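Visitor: model this:
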Amino acid sequence: MTDTPASTPAPAPLPIGRFEGRKAFTGLVRHALETAAHEGWPSLVLSDPDFQDWPLGERAVIDALGHWASQGRQIRLLARDFGPLRLAHPRLVQWRITWGHRVEAHACPGASGNELPSAIWSPGWTLERLDPVRSTGITSDDAARRTMLQERLEACWHKGAPSFAATTLGL
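Guide: Numbers count the residues shown, from 1 in each chain. This is a model prediction of the structure:
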């Protein structure tokens, strides 16, 4: 059962397997967030060193995140530094303010190399860029792969600290 209006067609099934190139990666991110909203995934983790090349500033992506969050879901964001994300994706920053009660974000400034995955994790499907420079990676619904990615993300989460606040208090 979905929480989307009957007039909204279901997205195509999420692909499983390898992907290559920035266009394929950004298309998969869009598709995953649309599917999360349509299917009402209970939780999401988005992880990347800086999210600069993610399509998180696009209106359709923000609309999908808004619909998804309105269903009472929780999202975790992990980054080495959220500064580049704030500059590259002002719509996401505004979305973060609106849905602050649904979002947890941690920065892991000490994470190096592949320690901080460029990934989307959900309870039923994952996307991981194995080579962020070339945007090559794999999508999977395999439980073992999902568990391994979740463990790596949890390790980064526990090493990190709260960041990317919904509001900034100043004097």
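
Visitor: helix or strand for Trp68, which one?
Guide: Using DSSP states H and E, Trp68 falls within helix 59-70.

Visitor: what pLDDT, on average, does that helix get?
Guide: For helix 59-70, mean pLDDT rounds to 95.

Visitor: got the contact list for that helix?
Guide: 4, 29-30, 33-34, 36-37, 40-41, 44, 55-56, 75, 91-92, 94-95, 98-99, 102-103 (C-beta atoms under 8 Å, 6 or more residues apart in numbering). For every residue, glycine as well, the C-beta is placed using N, CA and C.

Visitor: And it, what's buried?
Guide: 61-62, 64-65, 67-69 (16 or more other C-beta atoms under 10 Å).

Visitor: again, but for stretch 152-166
Guide: Result for stretch 152-166 [16+ other C-beta under 10 Å]: buried residues 152-153, 156-157, 160, 163-164.

Visitor: Residues contacting it, please?
Guide: Here stretch 152-166 makes contact (C-beta under 8 Å, 6+ apart) with 45, 47, 76-79, 82, 85-86, 96-97, 100, 103-108, 110-111, 115-117, 119, 121.

Visitor: What segments of this protein are helices?
Guide: Using DSSP state H, the helices of the chain run over 22-39, 59-70, 83-88, 90-98, 143-159.

Visitor: With distance to Glu128 added, can I get these in CSV?
Guide: Listed next are the helices of the chain as CSV, based on distance: least, C-beta to C-beta, whole Å:
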stretch, distance to Glu128
helix 22-39, 11
helix 59-70, 19
helix 83-88, 19
helix 90-98, 21
helix 143-159, 6
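
Visitor: chain center to stretch 155-171, what's the gap?
Guide: Distance, stretch centre to chain centre, for stretch 155-171: 16 Å (C-alpha atoms, centre = their mean, to the nearest Å).

Visitor: Alright, calling it a day.
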